[in-house]
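1. generate coordinates for the sequence data below:
(2 chains)
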Amino acid sequence: NAGVTQTPKFQVLKTGQSMTLQCAQDMNHEYMSWYRQDPGMGLRLIHYSVGAGITDQGEVPNGYNVSRSTTEDFPLRLLSAAPSQTSVYFCASSSRGVSGNTIYFGEGSWLTVV
Amino acid sequence: ILNVEQSPQSLHVQEGDSTNFTCSFPSSNFYALHWYRWETAKSPEALFVMTLNGDEKKKGRISATLNTKEGYSYLYIKGSQPEDSATYLCALPGGATNKLIFGTGTLLAVQP
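-> Purely as a prediction, here's the structure:
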């Protein structure tokens, strides 16, 4: 049971570098999202998608891009990494959205920007 | 942005104690409430999704209640065990959107 798979698990970037965090789910879920977790801040929504070809911004979208070309994949791109983007990133999915459906999380990606 | 508040921020109890914590939210435009259990270095684990006023859900020693009219949910743990030590998060959709907004969590530490 793969569920939600994120890669890489750990990454160190230099300021100004770009990178992509990968997220894939094998549950045929329509809804996928990215969160970042910072101490004392809880989980904050970066971007989300309700289906292939559809994306929308969350609470903290600046500095990040997403695309949803397939149902399975929802990559998160950091365009020009900044130390403020040092965080733990979680990808999540659910069958149809967040109102009454269980959300499944990946295991997280630890990113450090130096 | 929806304001989701959790209290207390942290809680230390002895093994065998029962405990509870609160998630508060605006009572208007309620759609659903999620509870998660989150251990450091692991992925958040879904406990309950609650949608109806008066809902009560139970999973083993953990249960939750929901009052949408007054805007709160309680999570109860009966007979806490060290393995219950984790951060407990609640989250709600931000209105008629698919933006799930999280509280900052309650950190529970259970001493053996």
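
2. so in that sheet, which strands flank the lowest-mean-pLDDT helix or strand in chain B, and in what orientation?
-> In chain B, no helix or strand scores lower on mean pLDDT, DSSP states H and E than strand B:100-102, which sits at a mean of 90. Sheet pairing of strand B:100-102 (DSSP bridges) gives strand B:86-93 (antiparallel).

3. please work out which residues outside the partner strand touch it.
-> With contact meaning C-beta atoms under 8 Å, 6 or more residues apart in numbering or on different chains, strand B:86-93 is reached by A:42-43, A:97-99, A:103, B:2, B:4, B:6, B:21, B:23, B:25, B:30-40, B:44, B:47, B:73, B:75, B:99-103, B:105-108. All C-beta spots, glycine's among them, are computed from the backbone N, C-alpha and C.

4. swap in stretch B:102-111?
-> Contacts for stretch B:102-111 (C-beta under 8 Å, 6+ apart): A:35, A:40-44, B:4-15, B:17, B:19, B:21, B:23, B:38, B:75, B:77, B:80-91.

5. please repeat the previous calculation with a cut-off of 7 Å.
-> A:40-43, B:4-6, B:8-15, B:19, B:21, B:23, B:80-82, B:84-91 (C-beta atoms under 7 Å, 6 or more residues apart in numbering or on different chains).

6. buried subset of those as a PyMOL selection?
-> In PyMOL, this line selects whichever of these come out buried by 16 or more other C-beta atoms under 10 Å in any protein chain shown:
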select buried, (chain A and resi 42+43) or (chain B and resi 4+6+11+13+19+21+23+80+84+85+86+87+88+89+90+91)
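
7. okay, and which of the contacts of stretch B:102-111 map to strands?
-> A:42-43, B:5-6, B:10-14, B:19, B:21, B:23, B:86-91 (DSSP state E).

8. buried ones among the contacts of strand B:86-93?
-> Using 16+ other C-beta under 10 Å, the buried members of the contacts of strand B:86-93 are A:42-43, A:97-99, A:103, B:2, B:4, B:6, B:21, B:23, B:25, B:30-38, B:44, B:47, B:73, B:75, B:99-103, B:105-108.

9. helix, strand or coil for the residue positioned nearest the centre of chain A?
-> The residue lying closest to the centre of chain A (C-alpha atoms, centre = their mean) is residue A:34, at 2.8 Å. Going by DSSP: H, G, I helix; E, B strand; the rest coil, the secondary structure assigned to residue A:34 is strand.

10. that one pairs with what?
-> residue A:47, residue A:91.

11. same check, this time on residue B:106
-> Residue B:106 has these beta-bridge partners by DSSP bridges: residue B:88.

12. quick one: low-confidence ranges for chain B?
-> In the predicted model of chain B, residues B:1, B:95-96 satisfy pLDDT under 70.

13. let's go with 80 and repeat that
-> Chain B contains residues with pLDDT under 80 at B:1, B:95-98.

14. got the contact list for the residue nearest to residue B:33 when sequence neighbours are not counted?
-> Closest residue to residue B:33 apart from its sequence neighbours, by C-beta to C-beta, 6 or more residues apart in numbering or on different chains: residue B:50 at 4.8 Å. Contacts for residue B:50 (C-beta under 7 Å, 6+ apart) come out as B:32-33, B:57, B:64, B:66, B:73.

15. which residues are in contact with residue 82?
-> Going with chain A. A:15, A:63, A:113.

16. switch to chain B, please.
-> Contacts for residue B:82 (C-beta under 7 Å, 6+ apart) come out as B:15, B:110, B:112.
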